[in-house]
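A.B. asks: Based on what follows, work out the 3D shape:
(one chain, ligands or ions: 3)
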Amino acid sequence: MTKEKTTIPQHVTIIMDGNGRWAKLRGQERLFGHKEGVESVRACTEFAVEKGIKYLSVFAFSEENWERPAEEIEGLMQLMLKAIAMETPLFQKNGIRFRVIGDFSRLSQKLRNEIDECMKLTETNTGLQLIVFLSYSGKWDIVQAANKVVEEKMRKGEQPTITAEEIDSNLSTSDIPHPDLLIRTSGEQRISNYMLWQTAYTEYYFTEVLWPDFRKMEFQQALDAYSKRERRFGKV
Ligand code: IPE
Ligand code: IPE
Ligand code: MG
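C.D. replies: Numbers count the residues shown, from 1 in each chain. Ligands and ions are numbered 1, 2, ... in the order given. Just a heads-up that it's a prediction; the model follows:
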């Protein structure tokens, strides 16, 4: 049998979209939606633990999101800082390994310190891996991987030709299995420069639900849809 029966995905990734619209519908500032979005991350993390999902990753801030108004960016970074500080004891209690992936060079020193501390503290936890993509872009990831491979080859005086395996093992996600399921909320059906390479054979699930409303029931619906998929990987 070459087909793979799908059950519980090993790695679920979510493009958390629609916070601004959720707030606007309530006559509130966009940040109000981002705050409620943090609650959804918590609910989905709990659910992933309950379901025995090994990796839950979330797209929190893209490279392109740096183009947003300074006030919104500042609010989002503050929110991130607070959320990490607040959730760390829970990560420890539940054996969750917390990781952040992205271009850290654009983050404040304070936020970097908080991230580093939490990542170090939870490094040996063997339960769910919760991975936050922050200041991330799929193109950036492929380019930095290619540069690493080329630099290494030049250093060794080898031909700078690159294989797919070499890219794969130098992506920022090199020790994380590629996503089985990608969920995007808020009705948008696009990848928005997220994990371009890693989603080559990922199953996509789109829902109209706005991120602050995406909780356990909606997550379960996505898993139900996934379990009906037949993944062929190009085979028959
Ligand atoms: C997703 O919600 C969160 C981030 C991209 C930071 P949005 O802020 O994109 O909300 P909408 O899409 O404008 O409703
Ligand atoms: C994608 O959402 C990025 C994140 C969820 C972090 P955006 O709201 O930035 O995407 P576009 O602009 O609608 O494609
Ligand atoms: Mg959006």
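
A.B. asks: Tell me where the model's unsure across the chain.
C.D. replies: Within the chain, the segments meeting pLDDT under 70 span 1-6.

A.B. asks: what's the closest residue to ligand 1 within it in contact with, if anything?
C.D. replies: In the chain, the residue that lies nearest ligand 1 is G20 (2.9 Å; Cβ to the nearest ligand atom). Glycine gets a C-beta too; all of them are placed from N, C-alpha and C. By Cβ atoms under 8 Å, 6 or more residues apart in numbering, the contact list for G20 reads 30, 33.

A.B. asks: what about F47, distance to E74?
C.D. replies: 30 Å (Cβ to Cβ, to the nearest Å).

A.B. asks: More neighbours: the two, which one.
C.D. replies: Applying other Cβ atoms under 10 Å to F47 and E74 shows that F47 carries more neighbours, namely 19 against 12.

A.B. asks: Surely the more buried one touches F214?
C.D. replies: No - F47 is not in contact with F214 according to Cβ atoms under 8 Å; the separation is 10.4 Å.

A.B. asks: which residues does the residue lying closest to S108 once chain neighbours are set aside contact?
C.D. replies: In this structure, S108 finds its nearest non-sequential neighbour in M77, 6.6 Å apart by Cβ to Cβ, 6 or more residues apart in numbering. Applying Cβ under 8 Å, 6+ apart to M77 gives the contacts 107-108, 111.

A.B. asks: in the one helix or strand M77 maps to, what's buried?
C.D. replies: In this structure, M77 is located in helix 70-93 according to DSSP states H and E. Residues of helix 70-93 classed as buried: 75-77, 79-81, 83-84, 87-88, 91 (neighbour count, 16 or more other Cβ atoms under 10 Å).

A.B. asks: With ligand 2 in mind, check whether that helix reaches it.
C.D. replies: No - using Cβ under 6 Å from any ligand atom, helix 70-93 stays clear of ligand 2, coming no nearer than 9.4 Å.

A.B. asks: Note down every partner strand of the next helix or strand after that helix and its orientation.
C.D. replies: Where DSSP H and E defines the elements, the next helix or strand beyond helix 70-93 is strand 97-101. Strand 97-101 sits in its sheet next to strand 129-136 (parallel), going by DSSP bridges.
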